[in-house]
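Asks: no sequence on this one, just coordinates:
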Ligand SMILES: [Fe+2]
Ligand SMILES: [Fe+2]
């Protein structure tokens, strides 16, 4: 599918709130990509498609994962919405015909993060986190960091996400912890 066809498809599939969020993530990703020298087309497409599986129910996500041999770990089995990243990544290829593995990975890990994230993956995670309609305590510090240092901004976002998940009593995916540990070690930011 081309850009216009993907837009029409997403507009039909996603709620109007989710579609607006998607367009905001595209804008945030464009800004981050041009600032940090990441390929704009990859950033735009990954941002546009990042929530393409977000309309699916838990049952549908689990069924799709089984059908496409996506690994479903214990945490994702209890919280199947975590699968909208990995399922979205398969849709990117199979439904939207995007063969770029870097874009598929950015969609796959946009919710949990992962070890050794590429600049594109970092940008999509962050764009999703700080798009203009997002509002939560601590967002200003993350937005400010995102103008200067991508890794620092991502560490702040991951820390915020881990605290939020813990406070709400939800399950924490190990990929999120691994992403944060990896960045702290890489940037020697460990206390
Ligand atoms: Fe998402
Ligand atoms: Fe999103």
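Replies: Sure thing, it's come through. Keep in mind that what you see is a predicted model, and the values were worked out from it rather than measured. Ligands and ions are numbered 1, 2, ... in the order given.
Asks: mind checking the longest helix of the protein?
Replies: For the chain, the longest helix by residue count, based on DSSP state H, is helix 16-36.
Asks: Is it in proximity to ligand 2?
Replies: No. No part of helix 16-36 sits near ligand 2 under the criterion C-beta under 5 Å from the ion; the closest distance found is 5.6 Å. Heads up, the C-betas are built off the backbone N, CA and C, glycines and all.
Asks: Now the element after that helix, going C-ward?
Replies: Downstream of helix 16-36, the first helix or strand assigned by DSSP states H and E is helix 40-49.
Asks: got a list of what the most centrally placed residue in the chain touches?
Replies: The structure's the chain has its C-alpha centroid closest to residue 110; by C-alpha atoms, centre = their mean the separation is 1.8 Å. Neighbouring residues of residue 110 by C-beta atoms under 8 Å, 6 or more residues apart in numbering: 46, 50, 85, 88, 121, 124, 125, 128.
Asks: ok, how many other residues are close to the last one?
Replies: What it means is residue 128. Residue 128 has 21 neighbours, counted by other C-beta atoms under 10 Å.
Asks: Would you mind pulling up the elements that the helix or strand harbouring it packs against?
Replies: Following DSSP H and E, one finds residue 128 within helix 119-130. Counting by 3 or more C-beta pairs under 8 Å, 6 or more residues apart in numbering; DSSP states H and E, the packing neighbours recorded for helix 119-130 are helix 16-36, helix 40-49, helix 101-108, helix 139-145, helix 150-167.
Asks: how big is the angle separating it from helix 40-49?
Replies: Angle between the axes of helix 119-130 and helix 40-49 is 40 degrees (criterion: axes from the mean of the first three to the mean of the last three C-alpha atoms, to 10 degrees).
Asks: Where does pLDDT dip in this structure?
Replies: 189-191 (pLDDT under 70).
Asks: Kindly report the residues of it close to ligand 2.
Replies: Contacts of the chain with ligand 2, taken as C-beta under 5 Å from the ion, map to 51, 128.
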